[in-house]
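J.: A structural model of the following input is requested.
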Amino acid sequence: MPTITYTDATGSARVVEANVGDSVMETAVRNGVPGIVAECGGSLSCATCHVFVDEADFAALPPMEEMEDEMLWGAAVERQDTSRLCCQIKVTDGMDLHVTTPETQV
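T.: Just a heads-up that it's a prediction; the model follows:
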């Protein structure tokens, strides 16, 4: 089963099993992962599911589309090279993804 490791800004990590086809944001919300606000519910209109993808995992993800790129410029914490909105990352078979949440989403 795919797994996602969510690490918060203080370094506390939580491993969650995920369902193929769900988003990384949906998985976080369903499992009560702190640090993912998901205010818009995944409709790509808020940037409150901003995460920093582990560099080792980043290249394996599909590239972000233009709208996600635009939304990241409005995130509460300055974007980094591995920033993504986790509502736009779909869980795939065999995924073992590591993401870190910023200190705030709002």
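J.: excluding sequence neighbours, find me the nearest residue to Val53.
T.: Thr82 (4.6 Å; Cβ to Cβ, 6 or more residues apart in numbering). Any C-beta I mention is one placed from the backbone N, CA and C, and that applies to glycine too.
J.: check contacts around that neighbour.
T.: 52-55, 58 (Cβ atoms under 8 Å, 6 or more residues apart in numbering).
J.: go again using 7 Å as the cut-off
T.: By Cβ atoms under 7 Å, 6 or more residues apart in numbering, the residues touching Thr82 are 52-53, 55, 58.
J.: repeat for Val53
T.: 61, 82, 84, 99.
J.: what do you get for Ala13?
T.: Ala13 sits next to 5-7 when contact means Cβ under 7 Å, 6+ apart.
J.: which other helices and strands contact the helix or strand Glu70 falls within?
T.: Assigned by DSSP states H and E, Glu70 belongs to helix 66-72. When contacts are defined as 3 or more Cβ pairs under 7 Å, 6 or more residues apart in numbering; DSSP states H and E, helix 66-72 sits against strand 83-85.
J.: what are the contacting residues of the strand it packs on?
T.: Counting by Cβ under 7 Å, 6+ apart, strand 83-85 makes contact with 44, 47, 49-53, 64, 68, 71-72, all of which sit outside it.
J.: swap in 6 Å and give it another go.
T.: With contacts defined as Cβ atoms under 6 Å, 6 or more residues apart in numbering, strand 83-85 is touched by 49, 51-53, 68, 72.
J.: which one is the residue nearest in space to the middle of the chain nearest to, not counting chain neighbours?
T.: Residue closest to the mean C-alpha point of the chain, counted by Cα atoms, centre = their mean, is Cys86 at 2.8 Å. Counting by Cβ to Cβ, 6+ apart, Cys86 lies nearest to Val24, which is 3.8 Å off, once chain neighbours are set aside.
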